[in-house]
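K.L.:
Return a 3D structure for these sequence lines:
(chains A, B, C and D)
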Protein chains: 2
Amino acid sequence: MSNFEAFFNYIQEISGKLLSEDDKHLLMAHFKPKKLRKRQYFLQEGDVCKYIGFIVKGSARTFTVDEKGHEHILKLSLENWWLADFESFYLLTPSRFNIEALEDLEVLQSTNAQIEEFLKHIPAFAAMSNVISQNYTIANQKRMQAAMSYTAEERYEDLINNYPQFLKRFPQNMIASYLGLSPETLSRIRKNSFK
Amino acid sequence: MSNFEAFFNYIQEISGKLLSEDDKHLLMAHFKPKKLRKRQYFLQEGDVCKYIGFIVKGSARTFTVDEKGHEHILKLSLENWWLADFESFYLLTPSRFNIEALEDLEVLQSTNAQIEEFLKHIPAFAAMSNVISQNYTIANQKRMQAAMSYTAEERYEDLINNYPQFLKRFPQNMIASYLGLSPETLSRIRKNSFK
DNA sequence: CGATTAACTTGATTTAGGTCAAGACCATGA
DNA sequence: TCATGGTCTTGACCTAAATCAAGTTAATCG
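P.N.:
Residues are numbered from 1 along each chain as shown, chains lettered A, B, ... in the order given. Below you'll find the model as predicted:
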């Protein structure tokens, strides 16, 4: 199953450990492939985020809608990223977020209870989990700092440097929302930086 | 050693597991008490964050200084919180942050290499680490959402609800900086909300 | 293929919050 | 004790970015 090959490689690469055949069978037994078409929702506001998904193909956005009906994108996700509202997933509380496929999406998904089992029984999976936690903490810290200390223009430059793939995969208005800008402002920033 | 008693209780409470006498001796052997007076630095920009500290008493702020010389507070920390620039601590890269005691500060500190040992040999410590990672991820997600979708006033109300201790422990200009506001703006917000 | 909808640009105007400046109110320590 | 420096408030002014509006270009789909 080629879906799972990519997934196994990812786990082994990030963790620096090998998966046994038993490990692989356990993962295949409890990660279910799921396909979503563009615009379909992986999670809707108010629902509990029962599943975490590993993105095999496609992209998604995690966003909120405020009282004025404005959308704010918190996260943009691509292949080999994990997809979930972690607050809702860990605590089993209703989510304040929506997660929507921006392109046709293929994920391997599993439940919180299952993840606990993987962590207990698959050393490579546990090691991967620790590395990812670290990476998340670091990325969050950086993003928070950017949001607080940088101007709109600096945040855009930062994105170009850190996530150049985003520019190819996501429409400009999504990027703007991710940066906390109106689409008009981002359009003007791009115009100015091209000279 | 009463410093360590509070620390042990914290680990046991968060992890839901007990520490053996051996565990406690190992922790006491490799967490060093350290005192800083108000205004002293736990970490300076450009240095590698070699130590992680558990705050036994006092408070601190983590901040950057931008090109214009403006300070931005990223984190305010109190008793029973961990103190470090995690990016620098995990990756051993020079830090972009300063960490300064806002009150006389007592921490128990240890190194990255030692933490790895604790994680390997002390189950309660490893469990605590996982819980804290979860809590951090959730808190970061919330804070990012607040920064992106809320007005200055809403962010202040959010702080009152989530961290009421902050108002008693930190001067108003520090709170303002933590919220990404000028001190004048916070002063005006407070004035308006009292009627 | 056209037709419809979504994405992007550009200009005019508004606004939330920042900056600058001055005064009031404090703690702290020699 | 009062001087000194940090903290908070208030007012006048400024600016980065949002909003509103209209037109243009690019995708999508029957």
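K.L.:
Enumerate the beta-bridge partners assigned to A:L36.
P.N.:
Here A:L36 sits in beta bridges with A:L105, going by DSSP bridges.
K.L.:
Could you measure from it over to chain B?
P.N.:
Per Cβ to the nearest Cβ, to the nearest Å, A:L36 is found 22 Å from chain B. The C-beta positions use only the backbone N, C-alpha and C, and glycine is treated the same way.
K.L.:
ditto for A:E116
P.N.:
For A:E116 relative to chain B (Cβ to the nearest Cβ), the value is 10 Å.
K.L.:
what's the following helix or strand after the helix or strand hosting that residue?
P.N.:
Element membership for A:E116 (DSSP states H and E) is helix A:112-121. For helix A:112-121, the following helix or strand on the C-terminal side (DSSP H and E) is helix A:123-149.
K.L.:
Just the residues contacting the next helix or strand along the chain from that next one, thanks.
P.N.:
Downstream of helix A:123-149, the next assigned helix or strand under DSSP H and E is helix A:152-162. With contact meaning Cβ atoms under 8 Å, 6 or more residues apart in numbering or on different chains, helix A:152-162 is reached by A:142, A:146-147, A:150, A:166-167, A:175, A:178-181, A:185-186, A:189-190, A:192-193.
K.L.:
Go again with 7 Å.
P.N.:
The contact list for helix A:152-162 (Cβ atoms under 7 Å, 6 or more residues apart in numbering or on different chains) reads A:146, A:150, A:166-167, A:179, A:181, A:185-186, A:189.
K.L.:
same deal with stretch A:169-180?
P.N.:
So stretch A:169-180 is contacted by A:59, A:61, A:71-73, A:76, A:78, A:102, A:147, A:155-156, A:159, A:166, A:182-183, A:185-186, B:148 (Cβ under 7 Å, 6+ apart).
K.L.:
got it, and stretch A:14-21?
P.N.:
The contact list for stretch A:14-21 (Cβ under 7 Å, 6+ apart) reads A:8, A:11-12, A:123-124, A:127-128, A:131-132.
K.L.:
Same check on stretch A:69-82?
P.N.:
With Cβ under 7 Å, 6+ apart as the test, stretch A:69-82 has contacts from A:10, A:52, A:54-57, A:59-66, A:83, A:97, A:165-166, A:169-170, A:174, A:177-178, B:144-145, B:148-149.
K.L.:
Show the pLDDT at the residue most central in space within chain A.
P.N.:
The centroid of chain A falls nearest to A:S77 when counting by Cα atoms, centre = their mean (3.8 Å). At A:S77, the pLDDT value in this model is 96.
K.L.:
For chain A, which residues are neighbours of DNA strand D?
P.N.:
Contact residues (Cβ under 7 Å from any atom of the strand) of chain A with DNA strand D: A:38, A:68, A:70, A:151-153, A:180-182, A:184-185.
K.L.:
Cross those residues against helices and list the overlap.
P.N.:
Residues of the residues of chain A next to DNA strand D located in helices (DSSP state H): A:152-153, A:184-185.
K.L.:
what residue ranges in chain A are flagged as low confidence?
P.N.:
A:1-2, A:194-195 (pLDDT under 70).
K.L.:
tell me the contacts of A:A127?
P.N.:
Contacts for A:A127 (Cβ under 7 Å, 6+ apart) come out as A:15-17.
K.L.:
Whichever of the contacts of stretch A:169-180 end up buried, select them in ChimeraX.
P.N.:
The following ChimeraX line selects those of those that are buried, judged by 16 or more other Cβ atoms under 10 Å in any protein chain shown:
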select /A:59,61,72,73,76,78,102,147,155,156,159,166,186 /B:148
